[in-house]
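# for reference, the sequence and a predicted model appear below.
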Amino acid sequence: MIVVADSDNWDIDTPALTVGLRGNVAMQVTVRTLGHASHSGMFGGAVPDAMMATILLLSTLWNADGSVAVEGMTADEGEYPEYPESQLREESALLDGVNPIGNGDILGRIWSKPAITVTGIDAPSTANASNTLTPVVTVRVSARVAPGQQASEAHAALEKHLLGHAPFGAQVSIDEADDGNGFLVDTSGWAVAEAEQAMADAWGRPAVEMGVGGSIPFIADLVEVFPEAQILVTGVEDPDSRAHSPNESLHLGVFRRAILTEALLLARLDARD
């Protein structure tokens, strides 16, 4: 049995075993339209600048409701616990008046469907802005891949889409790619039962089996290297941990119960011998 303690819990009072993770595809996309910067007044309106072309290109990645519009990126379907929009708003800090994106069950959008995010952009800053047409813009595109689809397949679909939708014949190049496969846990094994009982004992309430929209790509490598091992994905996060953000945090009560769960799990495994 391999335990990867890098995931979430349902809330600060309810433990969770992660049974599904999305894969990921990330790439750097560079858009070029000009050999050098030119005066926006002299040529604007006749010459496309790289920023304009980049904005138009990126807009083709999503449908009007914000769901992914890339042909070949698939979705998985399943059954999901109750998760109202009010809970999504609270846990994600969605501002008043801002609507959720996508369609279908909310947890299905997060756990079982693809998502695309632009996580970075290299372009003139507002402090350094000038009245010029920008010749080149580079963005970092990060996609989450539905469980069950190979990251390489989603990568090929995304790259084909970007190259095929370049506006005005803009030159689009892609590099610095990084792919990772998703993961689905076989919940029929003995390890899941032992872990869920340890969680129930440590937390005082039953564990929830949940998917997570994030990715832990090396788990797919563990499956390949150790095909006979049962892999459990647990963790010490909660919905307000704000993972990877500047204000990432750890709830000490969750941390204590996670440690107790691990101790009880090891004891249960020892008893199996």
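Yep, that arrived.
# contacts for stretch 83-93?
Contacts with stretch 83-93, where a contact means C-beta atoms under 8 Å, 6 or more residues apart in numbering, come from 94, 100, 105-107, 239-240. All C-beta atoms are positioned from the backbone trio N, CA, C, and that covers glycine.
# now do that stretch: distance to the chain's middle.
Mean C-alpha position of stretch 83-93 versus that of the full chain (C-alpha atoms, centre = their mean, to the nearest Å) differs by 17 Å.
# list the buried residues in it.
Within stretch 83-93, the residues that count as buried by 16 or more other C-beta atoms under 10 Å are 83, 88.
# now stretch 46-63: buried residues?
Neighbour counts using 16+ other C-beta under 10 Å place 48-54, 56-58, 61-62 of stretch 46-63 among the buried residues.
# count the residues that sit near the nearest residue to Leu34 once chain neighbours are set aside.
Nearest residue to Leu34, sequence neighbours excluded (C-beta to C-beta, 6 or more residues apart in numbering): Pro135, at 3.7 Å. Pro135: 16 surrounding residues under other C-beta atoms under 10 Å.
# burial count for Arg140?
Arg140 has 15 nearby residues by other C-beta under 10 Å.
# quick one: which of the buried residues of stretch 46-63 is nearest Gly35?
Nearest to Gly35 out of the buried residues of stretch 46-63 is Ala50 (C-beta to C-beta; 11.2 Å).
# coming back round to it: hmm, the residue nearest to Leu34 is touching Ser40, no?
No - between Pro135 and Ser40 there is no contact under C-beta atoms under 8 Å: 11.9 Å.
# next, show the common contact partners of the two.
Counting by C-beta under 8 Å, 6+ apart, the residues touching both Pro135 and Ser40 are Asp49.
# any buried residues in stretch 70-79, and which?
Using 16+ other C-beta under 10 Å as the test for burial, stretch 70-79 gives 70, 73-76.
# and the closest residue to Asn131 other than its chain neighbours, what does it touch?
Leaving aside its sequence neighbours, Asn131 sits nearest to Ser40 (C-beta to C-beta, 6+ apart; 4.8 Å). Going by C-beta under 8 Å, 6+ apart, Ser40 touches 49, 131-133.
# just checking, which of these belong to strands?
Applying DSSP state E to the contacts of Ser40, the entries found in strands are 132-133.
# among the contacts of Ser40, who's most crowded?
Each of these was scored for neighbours by other C-beta under 10 Å, and Asp49 scores highest at 24 neighbours.
# what segments of the chain are strands?
Under the criterion DSSP E, strands of the chain are mapped to 2-5, 16-21, 23-32, 38-39, 115-122, 132-133, 136-145, 171-180, 183-184, 208-212, 231-234.
# and those strands, which one's lowest on average pLDDT?
When those are compared by mean pLDDT, strand 183-184 comes last with a mean of 90.
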